[in-house]
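[1] coords please:
(chains A and B)
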Amino acid sequence: MEIFGIPIQAFLGQLLLGLVNGSFYAMLSLGLAVIFGLLGIVNFAHGAFYMMGAYVAFVALDVFGLNYWMVLLIAPLLVGIVGVVLERTLLKHLYKIDPIYGLLLTFGLALIAEGMFREFFGVSGQSYPVPDLLQGATNLGFMVLPNYRAWVVFASLSVCLSTWFVIERTRLGSYLRAGTENPQLVQAFGINVPMMVMLTYGAGCGLAALAGVLAAPVIQINPLMGSNLIIVVFAVVVIGGMGSIMGAIITGVALGLIEGLTKVFYPEASNIVVFVIMAIVLLIRPVGLFGKEA
Amino acid sequence: MKLKKIISALSIAGLGMVGIHAQAQVSGDVIRIGFITDLSGLYADIDGPAGAEAIRMAIADLGGSVAGKKIELLVADHQNKPDVAAAKAREWFDTQGVDMLVGGTNSGTALAMAKVAQEKKKLFIAIGAGTSALTNEQCNAYTIHYAYDTVALAKGTGGAVVKAGGKSWYFLTADYAFGASLQNDTANVVKAAGGTVVGAVKHPLSASDFSSFLLQAQGSKAQILGLANAGGDTINAIKAANEFGITKSMKLAGLLVFINDIHSLGLKSTQGMYLTDSWYWNKDAETRAWSRKFFEKLKRMPSSIQAADYSAASQYLQAVKAAGTDDSGKVSAQLKKTKINDMFAKGGYIREDGRMIHDMYLMQVKTPDKSVEPWDYYNVVETIKGEAAFTTKAESKCASWK
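    Numbers count the residues shown, from 1 in each chain, chains lettered A, B, ... in the order given. Purely as a prediction, here's the structure:
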C-alpha cells in the first residue's frame, strides 16, 4: 500500500518522527506562550535557557556524576533560579514600557549567554549518553523507534498537559490569569502579584531547560543549539496565537508532523515550511489559530 | 683634487646604495601576515583562535624575525560572511600593509578573499576552505591552496570505500554549494570505480534533526551512506544514525571529518568509519613532537588545518628569507620552486595552478579498546600520493595552467 507514492511503512515512520520533533516544539513554545501570556515579555532568551539546560545535564554528569533522572529535576530548578534573578534585576523594570525593550533585552542576554558558553566549552559541542534504562530501540514493524525518542514524546506531552491544567483549571492558575488582566485589583485581594510574575518567569525558563535536558542525548550539545531552534519555535507560537497555551501545544505537535512529512516529499523546503505556514496564517488570521480577537 | 673628492663621495654613496640593496627589500620594514578565519562560529574549533596560535608558533620558531625584519600577525573573525572577509582583507592590504593573507575555514569567504588579494597583487594562502574552485575555475597567480580540497576528499574516501566493497551509495548532502560539490566529486569517483549512486537527500544547513533523512536513506537499501556535509551537521547525522540503528545495515563514510568532530562524538559512535585528511597528529615522531608542543599551549591536539596554518606560515617566511624580499611575485616564485619538507608535508610542492601537492591519508577510526591515549583516534590505512589525490592537469579548468 502506498500514500502519494510512498510506502505506508515509510509514511508512518515519518509521522512518528514528526511527532517526536513536534513534542520539542510544543514544550519550548509552551514556555514562551506562558511567559508572553502572563508577563507580556517576548522572551528571546528562551533558546539560551534551553541550551543551558542541556549544559547543566552535561556538567552534572561529567563533573559531579549525577545521572539523567536527577538532572531532569536539577536543571529546570537551576535555570529557573537564573530566570528569577534576571526577572528581579532586569526584566521587572520593563513591564510598563514598550514590549520591544523586553525583546531587545532578552535577545542581548541570549547573545551574552551563547558567547560565554562558547568561550568556555568551544563550538564543536559535547555528547551526552542516552540513560541506561532507555537504551535500545523497539521494532514497531514499520520502523525501528529508539526507546529514548518514545520517552521524549511521553515526557513532553505530560509536562505540556499538566502545565495547561495548572494554568487553565486550578485556583493558582486563575490567580495568574487574573493577575495579568488587572494586577492592582488582584493585589487588592492580598495576592502578591510581583512574586507570582517572578515565579512564572522562572517556571517558563525551567520548562526550556527541561526541554534542553530531554534533547541532550539526541543532539550534540553546543552553545548555538538554542539559536538554531528558537526561530522555529517563535513561528510556532505566532501560528498558535501569542499567549494561547493550548494553541502552543497543539500547533507545536502539528507543525512537527507537517515538517516531518515535508522532509519526505520535498526535503529542501523542510526548513521553511513552518514560515510559509506562518505567513499564510498571519494573512488569514492575524491573531493566530488559537489567539483571541483583541 | 675636488673631482677626486666628488668621486669618492659618490662611490661611498653608491656603496651605501648597494648596501641597502643587499639588505632585504621589505615593505614597511615589517613582514605582516594577516589571518582571517571563523573565530567564533561553527568552524571555530577546527581552526579559529588555535589556528592563529599555530601561526604564532611558526613565527616564534623563526625567532620572530626574518632577514632582520620583525614579523607581525593580524587576526580577524569573518563570521562566515564572505563580505566581511573581503572588506577586512581590503582594509588590511590598503591601510595595514599586510604582505600575505592566510584564509581560514569556509569556502565562501576564501573565494571572496582570493579575489581581493588578486586585485591587490598580494599572496593569499587558503588553508581551511574545501572548495576546489580556488585552484580550478577560479585559480589565479596569487592564490595558493594549501591543505586539502573536495576533490582530494572524494578521491580518498570515495575510492577506498568502493575498493573495500562499498559499491552502492546514498548521499546525505548539505543543501549549499560546498555540499553539492562534495557530493558531485564523490559520485564521480564512485562511478569511475565501478560503484553506483542509488539516491541522495538534501538537508538544510544546520538541520536540528536528521532522523527523517536517515530513514529515507535506510529505505534506499544502499550499502554506504556518504555524508556530504561538515561540522555540526555531520556530528548530528552520525549520532542519529547510531540511535536509529542505521549503522547496522549501512556503513557511514564521512566525506569531511576533522579530528575535533571525532573527539566530540567519541569513538563508540564513530568506530570503523573511513575518512580522508591531509594530516594526523599521531602519524609519526615529527608530527607527534610538534603536536605535543601545541597541546601544551592549547590543551588539545591540533587539527590538520591548524598544522597546515603552521606549515604555510613557516614556508612563507622561509621563502621571504630566501628571496630577500616580501614582494608577492618573487616570494610566490620562490615558494613554487621549493620543495616543502616539514612536519605537515614531505616532498610537497606548489603547482602552477596554486595547488599544494602533498600526500593525503585515508584513515579509519579506531575502536575504543585500540585507542591508547586521549586523541589517539585513527589508523592510517593508506597514504594517497599527492599526484593521485588532487585534480590532474587533464581535469583542470584553470585557465593559467593550460
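
[2] burial of the residue of the stretch 301-402 of chain B found nearest chain A, as a residue count?
    Across the stretch 301-402 of chain B, the shortest distance to chain A (C-beta to the nearest C-beta) belongs to B:S303, at 10.2 Å. Just so you know, the C-beta spots here come from the backbone N, C-alpha and C atoms, and that holds for glycine as well. By other C-beta atoms under 10 Å in any protein chain shown, 29 other residues sit near B:S303.

[3] State the pLDDT value of it.
    With respect to pLDDT, B:S303 scores 95.

[4] what does B:S249 give?
    At B:S249, the pLDDT value in this model is 86.

[5] which non-adjacent residue is nearest it?
    Counting by C-beta to C-beta, 6 or more residues apart in numbering or on different chains, B:Q218 is the residue found nearest to B:S249 once chain neighbours are left out, at 6.4 Å.

[6] Just confirm the one you found contacts B:K248, I think it does.
    No - with contact defined as C-beta atoms under 8 Å, B:Q218 does not count as touching B:K248 (9.7 Å).

[7] For those two, indicate the residue with more neighbours.
    Here B:Q218 and B:K248 are compared on neighbour count by other C-beta under 10 Å; more neighbours surround B:Q218, at 22 against 10.

[8] Please name the residues that touch the more buried one.
    By C-beta atoms under 8 Å, 6 or more residues apart in numbering or on different chains, the contact set of B:Q218 is B:244, B:246, B:249-250.

[9] Would you map the helices across chain A?
    Along chain A, counting by DSSP state H, helices occupy A:8-39, A:46-64, A:68-89, A:99-121, A:147-169, A:171-181, A:183-188, A:193-215, A:225-240, A:245-265, A:273-284.

[10] helices or strands next to the fourth one in the packing?
    Packed against helix A:99-121, as judged by 3 or more C-beta pairs under 8 Å, 6 or more residues apart in numbering or on different chains; DSSP states H and E, are the following elements: helix A:46-64, helix A:225-240.

[11] do the last one as well
    The contact analysis (3+ C-beta pairs under 8 Å, 6+ apart) places helix A:273-284 against helix A:225-240, helix A:245-265.

[12] From what I see, B:S40 and B:H78 are in contact.
    No - counting by C-beta under 8 Å, B:S40 does not reach B:H78; the two are 9.9 Å apart.

[13] between the two, who's got more neighbours?
    B:H78 (28 against 20).

[14] where does the stretch 151-294 of chain A come near chain B, residue by residue?
    A:218-220, A:222, A:224-225, A:228-229, A:260, A:263-264, A:267-268, A:270-271 (C-beta under 8 Å from any C-beta of the partner chain).

[15] Among these, find the lowest-pLDDT one for me.
    For those, the pLDDT minimum is A:N228, 75.

[16] ok, now which ones touch it?
    Counting by C-beta under 8 Å, 6+ apart, A:N228 makes contact with A:47, B:206, B:208.

[17] about what we covered before: least confident of the helices and strands packed on helix A:99-121, on average?
    Among these, helix A:225-240 has the lowest mean pLDDT, at a mean of 87.

[18] in the stretch 1-150 of chain B, which segments are predicted with low confidence?
    B:1-25 (pLDDT under 70).

[19] again, only using 50
    Residues of the stretch 1-150 of chain B that meet the criterion pLDDT under 50 lie in B:1, B:3, B:7, B:10-23.

[20] can you map out the helices along it?
    Remark: helices assigned in the stretch 1-150 of chain B by DSSP state H, counting those that start in this stretch are B:2-22, B:48-61, B:82-91, B:107-120, B:150-153.

[21] Buried residues of the third one, list them for me.
    By neighbour count on 16 or more other C-beta atoms under 10 Å in any protein chain shown, the buried set for helix B:82-91 is B:82, B:84-86, B:88-90.

[22] quick check, nearest of those to chain A?
    Using C-beta to the nearest C-beta, B:V84 comes nearest to chain A of the buried residues of helix B:82-91, at 17.3 Å.

[23] pretty sure the closest one contacts B:H78?
    Yes - between B:V84 and B:H78 a contact is recorded at 5.0 Å, counting by C-beta under 8 Å.

[24] Need the residues touching each of these two.
    What both B:V84 and B:H78 touch, as defined by C-beta under 8 Å, 6+ apart, is the set B:T109.

[25] Include neighbour count, distance to A:C205 and secondary structure when you put the contacts of B:Q218 into TSV, please.
    Shown next, in TSV, are those (neighbours: other C-beta atoms under 10 Å in any protein chain shown; distance: C-beta to C-beta, whole Å; DSSP: H, G, I helix; E, B strand; the rest coil):
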residue	neighbour count	distance to A:C205	secondary structure
B:F244	22	31	coil
B:I246	22	35	helix
B:S249	13	41	helix
B:M250	22	40	coil
